[in-house]
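Engineer: Make a model of this:
(2 chains)
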There are 2 protein chains.
Amino acid sequence: MRKLINAPADVVTDALRGLAAAHPSLRVDPEAGTVVRADAPRAGKVALVSGGGSGHEPLHAGFVGPGMLDAACPGAVFTSPVPDQILAATTAVDGGAGVLHIVKNYTGDVLNFRMAAELAEDEDIEVASVVVDDDVAVEDSTYTAGRRGTGATLFVEKIAGARAEEGADLTAVADVAREVNERSRSFGVALSPCTVPAAGRPTFELGEDEIELGIGIHGEPGRERAGTATAREIVDAALTAIDADMPLAGQELLVLVNGMGGTPLIEQYIAYAAAAEWLAGHGATVARPLVGDYVTSLEMAGVMITVCRATPELLRLWDAPVDTPALRWGR
Amino acid sequence: MRKLINAPADVVTDALRGLAAAHPSLRVDPEAGTVVRADAPRAGKVALVSGGGSGHEPLHAGFVGPGMLDAACPGAVFTSPVPDQILAATTAVDGGAGVLHIVKNYTGDVLNFRMAAELAEDEDIEVASVVVDDDVAVEDSTYTAGRRGTGATLFVEKIAGARAEEGADLTAVADVAREVNERSRSFGVALSPCTVPAAGRPTFELGEDEIELGIGIHGEPGRERAGTATAREIVDAALTAIDADMPLAGQELLVLVNGMGGTPLIEQYIAYAAAAEWLAGHGATVARPLVGDYVTSLEMAGVMITVCRATPELLRLWDAPVDTPALRWGR
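Structural biologist: Numbers count the residues shown, from 1 in each chain, chains lettered A, B, ... in the order given. Just a heads-up that it's a prediction; the model follows:
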């Protein structure tokens, strides 16, 4: 196992120490496993908290900052954060206007966030929860009942974050988060597996001439295995699966072409070229594109495509200023 | 070879088509191999042109925009751009105040940029050139006489770009570019090789328990091979080599912890934590940190550390607004 780590048990705390040293705009507690905006809590502002297993960086800690999340609570690699940890993040950011939990649909995450929400309510913090389940590839998986939450999490966190920054109340922020999730779909393809440090071996085996269609973000099995294919064929498989679930023709879209962690940017742009061509050929318009490593799966090679059927209001919120380690624009 | 491409011969043009589709702020000519600021030429402003082999993305095309480069000319993967291509980029951005060529020290790049500069001067465009040679690992390599140009290229392009944006003349812009190069050093470590698409096999072989110290950005051999090591040991090797060449104690530094393309962000932050700790323990101060994939080598796993001994003026220029696909801050 060739990884740039000190010891498997220290991966998350060591990375959080690096995050803290690199970003004074964040208040990081490596031991507690919380990453909080340095200016939190902000009185009267709805706070957004997300979290989940580590190994998906920059998700979620890289999205903490003005215009997006107020806190993140990273668990161990591919492991849900624990309720106390989520509660600590929730308490740290509550400014009296309530807290929105943004939860990817994995059984452990859903249970632990629910428990944390109950504990927070015992402390008179109002909590609303939105579950993200955008992955069309499989209905149930190793980690999920129902669809998995993947790339749409970025869209939900950005757009709901903008709405909260504008002063909307908890119901309005939760509503737009749900709206974004409902209008979003993802499909991922792996060209290689990844290795969880504590396990020391790949999450699955791929033959030299195989790819895995419909992977999630934990190296869990996808929909089917196929022979190696061109970037155009891979993008076609992903967008055809999405389009079958949510027709794209005539829509204005947010489009994320997302590297899974081990795919170089030059290949991500090749995939984006294929996606832009496919969408134009199917009567859809790319309103806002985003290309890069945003929701990853350790060093997995591959690509995930996420689309959101935008509205003028969602585009306005997407364009609103954001200032986080991984996403930054506007002013 | 598992890559997200259509065909080895189409890698660069397909990626440039993706870049064009994703970034309307750029004028991209995939056939000519030029990427130019959409608002170029800007009358009276010194223009910055860089380029080199592809496979190092986001370098250079991802650094084209206000506050940084005016144009980039990407060659084939790990292959110098040709003189006509560099000339086309130079002509496209010349606003009458001259053009600075920022050239990484590889034999082919240096020769082809020199030839392009002569051709441009025949067209009455004033050209100055700065060669970047920051890599302390080896004196001569497969591709270079003298030291290689690697991570410091980002520092040079950002800081000289800021100086040009402020209206400095060609001499002043070239001077600050040289100053940044002279004050910068890099050292890289590979945990895996990479595969050039047209070759179809890895650039070198690494045993399961080996890493390569002192690699460049083309998978060319480094200084020595070692057994696998912890992130702290790898960072210590890199910073010790840099410090032996340019003492760091008492200095305020720009620090880049740079992923090589196949190393996940969580591991890059682990390396940054180790670097911050090492520097603090050796009496150096991190004035500005940057962590991410900026100067890559296809899907190579590994990390490169680049430091620049800053001055208040260099920090001021570093902090100046920049708006490119890969680097964006301020206003």
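
Engineer: so what strands line up beside the helix or strand bottoming out on mean pLDDT in chain A?
Structural biologist: The helix or strand with the lowest mean pLDDT-type score in chain A, counting by mean pLDDT, DSSP states H and E, is strand A:224-227 (a mean of 86). Strand A:224-227 pairs in its sheet with strand A:210-213 (antiparallel), by DSSP bridges.

Engineer: what's whatever helix or strand A:I102 lives in packed up against?
Structural biologist: For A:I102, the host element (DSSP states H and E) is strand A:99-104. Applying 3 or more CB pairs under 8 Å, 6 or more residues apart in numbering or on different chains; DSSP states H and E, one finds that strand A:99-104 makes contact with strand A:47-54, helix A:83-93, helix A:107-122, strand A:127-132, helix A:152-165, helix A:170-182. From N, CA and C alone the C-beta is placed, and that goes for glycine too.

Engineer: Please identify the deepest-packed of these.
Structural biologist: Of all the helices and strands packed on strand A:99-104, strand A:47-54 has the most neighbours on average by mean count of other CB atoms under 10 Å in any protein chain shown, namely a mean of 29.

Engineer: A:V11 is in contact with A:S54, isn't it?
Structural biologist: Yes - contact criterion CB atoms under 8 Å: A:V11 and A:S54 qualify, at 7.2 Å.

Engineer: Common neighbours of the two, please.
Structural biologist: Counting by CB atoms under 8 Å, 6 or more residues apart in numbering or on different chains, the contacts common to A:V11 and A:S54 are A:77, B:266.

Engineer: at contact distance from chain B, anything in the helix or strand hosting A:E233?
Structural biologist: Using DSSP H and E, A:E233 maps to helix A:231-245. Yes - on the criterion CB under 8 Å from any CB of the partner chain, helix A:231-245 is in touch with chain B at A:231-232, A:234.

Engineer: Output that helix as PDB - backbone C-alpha positions only.
Structural biologist: Taking Å, rounded to 0.1, in the frame of the first residue of the first chain, the C-alpha atoms of helix A:231-245 are listed here in PDB:
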ATOM      1  CA  ALA A 231     -14.300   8.700 -22.600                       C
ATOM      2  CA  ARG A 232     -17.200   9.400 -25.000                       C
ATOM      3  CA  GLU A 233     -18.700   5.900 -24.400                       C
ATOM      4  CA  ILE A 234     -18.200   6.300 -20.600                       C
ATOM      5  CA  VAL A 235     -19.900   9.700 -20.600                       C
ATOM      6  CA  ASP A 236     -22.700   8.400 -22.800                       C
ATOM      7  CA  ALA A 237     -23.300   5.500 -20.400                       C
ATOM      8  CA  ALA A 238     -23.500   8.000 -17.500                       C
ATOM      9  CA  LEU A 239     -25.700  10.600 -19.200                       C
ATOM     10  CA  THR A 240     -28.000   8.000 -20.800                       C
ATOM     11  CA  ALA A 241     -28.600   6.500 -17.300                       C
ATOM     12  CA  ILE A 242     -29.400   9.900 -15.900                       C
ATOM     13  CA  ASP A 243     -31.600  10.900 -18.800                       C
ATOM     14  CA  ALA A 244     -33.600   7.700 -18.500                       C
ATOM     15  CA  ASP A 245     -34.400   8.700 -14.900                       C
END
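
Engineer: Output the contacting helices and strands for that helix.
Structural biologist: Packing partners of helix A:231-245 (3+ CB pairs under 8 Å, 6+ apart): strand A:184-190, helix A:265-281, strand A:302-309.

Engineer: With A:V189 as the reference, name the closest of the helices and strands packed on strand A:99-104.
Structural biologist: Between A:V189 and those, the shortest separation by CB to CB is 16.8 Å, and it involves helix A:152-165.
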